[in-house]
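Novice: Pasting a predicted model and its sequence here:
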Amino acid sequence: MNREIKCLKCRKPLNEAQFNTRGLTKCPSCQTPVRVDTFPALFQNVAPGGVGEILLTDDEASCFYHPQKKAVVHCQQCGRFLCALCDLDLNGKHFCASCLESGKKKGKIKTLENHRTLYDSVALRVALYPIITFYLTLPGAIASIIIAMKYWNAPTSILPRSKIRFVFAILLSALELTGWSVGVWAFFTYILKSLP
């Protein structure tokens, strides 16, 4: 597997010691500051894929996609026979490529994550957008705090994110609620003072 990552300026390979350093390092060739963040899969050795067995007799089941290969399993979505080459294992269930693709698009396969709601961004938006129309800040602030507290431990995105959006949403909502409290208090104080 090619684990070589090149400098974007001089196109020379970078050392593996420069990967995932959480800061800028210099290219060994051109001294350009670079930062390389890689996934752990880059360093894993990939096991070679299975090779389908050739069909020996005519009475054996053959693969739907490779008629000359022996079937080892059937697709649990459509029932087609699959060889070792076509078998896609997902959490102990076997799928063919077309069922896996259609399951991804239609959302039929429950264990396959199609999308992820970023509740930290939702909470921040719910706190920010009502500021445009002042009268919606009260319900927006309450909703933002509820979302932030309810989904605090929910998975954020595939790439790790901090909880800073939740914190900003809670702080902004607290400011909005404080503003409403002061405004209501000032209004009633004014009304009470103006009474004879």
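Specialist: Structure received.
Novice: where along this protein do the helices fall?
Specialist: Ranges of helices within the chain are 97-106, 119-128, 137-150, 164-194, based on DSSP state H.
Novice: which stretch in the ones you listed has the least confidence?
Specialist: Lowest mean pLDDT within the helices of the chain: helix 97-106, at a mean of 80.
Novice: what's next to that one, contact-wise?
Specialist: Helix 97-106 is contacted from outside by 65, 75, 77-78, 86, 88, 90, 95, 108-109, 112, 114, using C-beta atoms under 8 Å, 6 or more residues apart in numbering. Where you see a C-beta, it was placed from the backbone N, CA and C, and this is true even at glycine.
Novice: how about it: buried residues?
Specialist: 99-100, 102-103 (16 or more other C-beta atoms under 10 Å).
Novice: JSON lines for these, including distance to residue 184?
Specialist: Rendered in JSON lines, the data for those read as follows (distance: C-beta to C-beta, whole Å):
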{"residue": "99", "distance to residue 184": "58"}
{"residue": "100", "distance to residue 184": "56"}
{"residue": "102", "distance to residue 184": "55"}
{"residue": "103", "distance to residue 184": "53"}
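Novice: Which of the helices of the chain sits closest to residue 29?
Specialist: helix 164-194 (36.4 Å; C-beta to C-beta).
Novice: Could you tell me the angle between that closest one and helix 137-150?
Specialist: 140 degrees (axes from the mean of the first three to the mean of the last three C-alpha atoms, to 10 degrees).
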